[in-house]
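# My questions concern the predicted model and sequence given below.
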Amino acid sequence: MINIAVCGSNGKMGQEVIKAVNSAEDMTLVAKIDIKDGEFATIKDAKDSVKIDILIDFTQPKSIYENALYCLNNGISIVIGTTGLSDEQIDELKKLSEAQKLGCFIAPNFSTGAVLMMKFAKMASKYFNNAEIIELHHNQKKDAPSGTAVKTALMMSEENSDFTAGNCAEVETIEGARGAESYNNIHIHSVRLPGYIASQEVIFGSGGQILTIRHDSMNRECYMDGVLRAVRYVNENKNFVYGLDNIL
């Protein structure tokens, strides 16, 4: 059995993860960690009381990096669903994971449909020189743009060097009107409104045609198959992975 701790256990994603772990025949939930009314307040508190093989973290961008450092420095593999890590932080976690020979799995999105959306966007990037991303989330999401949008742009940039080919010189009369400029000039626009869970559109344009690739998450259950896949992968392979696409 794989001994699992869930960090952020009282959050909406944390509660969904707990249900998924409890339904998995090869996993045992040994710790619920949350600073607000959790079984344990910190990862250290949990580690001092129970044996943890893998920690699943769905907390806040401000805490995830320190959580990951603690786990990898204390013999605990980690599966990270919290977004907001910088490229520099991801590189540091990769180095530490490899040095400690512990699993570190970071996924901007655990939905298999969202991962396919990203793969399709990468494929289309070979054939379109103009593209933008619109990501839409609930109004309690703190980081913008979403990790999924950033990962999508990164994957697209591997296939094309400039996504604003032929654009005129632009002047923003209101700063930020054209969104954030990411890898290879891909503009990302973030929408935060009640009613959304998580949605993303990748829009490609060329002479006489528009291609839109869109994914919508209707509830948080859609992420659980990917979370459990990541846990099982980390349990068997003590290495670093960024993106669910790498194991599908």
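Looks like it came in fine. Numbering: from 1, shown residues only.
# Check which helices and strands the host helix or strand of residue 44 sits against.
Following DSSP states H and E, the helix or strand that holds residue 44 is helix 43-47. Contact partners of helix 43-47 among helices and strands, from 3 or more Cβ pairs under 8 Å, 6 or more residues apart in numbering; DSSP states H and E: strand 2-7, strand 27-33, helix 61-73. Where C-beta positions appear, they are placed from N, C-alpha and C, glycine not excepted.
# what's the distance between the residue most central in space within the chain and residue 235?
Taking Cα atoms, centre = their mean as the criterion, residue 108 is the residue nearest the geometric centre of the chain, at 1.3 Å. With distances taken as Cβ to Cβ, to the nearest Å, residue 108 is found 21 Å from residue 235.
# And for the residue lying closest to residue 53 once chain neighbours are set aside, the neighbour number?
Once its chain neighbours are removed from consideration, residue 53 has its nearest residue in residue 3; the separation is 4.4 Å (Cβ to Cβ, 6 or more residues apart in numbering). Residue 3: 17 surrounding residues under other Cβ atoms under 10 Å.
# beta partners for residue 3?
The residues listed as beta-bridge partners of residue 3 by DSSP bridges are residue 28.
# for it, what are its contacts?
With Cβ atoms under 8 Å, 6 or more residues apart in numbering as the criterion, the residues that contact residue 3 are 28, 30, 50, 51, 52, 53, 54.
# Top of the residues you listed by number of neighbours, please.
residue 54 (24 neighbours).
# That one and residue 232 touch, don't they?
No. Assessed by Cβ atoms under 8 Å, residue 54 is found out of contact with residue 232, at 9.5 Å.
# tell me, what's touching these two both at once?
Listed contacts common to residue 54 and residue 232 are residue 2; contacts here mean Cβ under 8 Å, 6+ apart.
# Quick check: pLDDT value at residue 38.
Among the per-residue scores, residue 38 holds a pLDDT of 78.
# Let me fix that, I meant to ask about residue 245.
Looking at residue 245, its pLDDT stands at 87.
# Relative to residue 85, how far out is it?
Using Cβ to Cβ, we find residue 245 at a distance of 17 Å from residue 85.
# The two: which is more packed in?
Each of residue 245 and residue 85 has its neighbours counted (other Cβ under 10 Å); residue 85 has more, 22 against 18.
# Tell me the spacing between that one and residue 67.
Relative to residue 67, and taking Cβ to Cβ, residue 85 is found at 11 Å.
# ok, back up a step: which residue comes closest to the residue nearest to the centre of the chain once chain neighbours are left out?
Nearest residue to residue 108, sequence neighbours excluded (Cβ to Cβ, 6+ apart): residue 147, at 3.2 Å.
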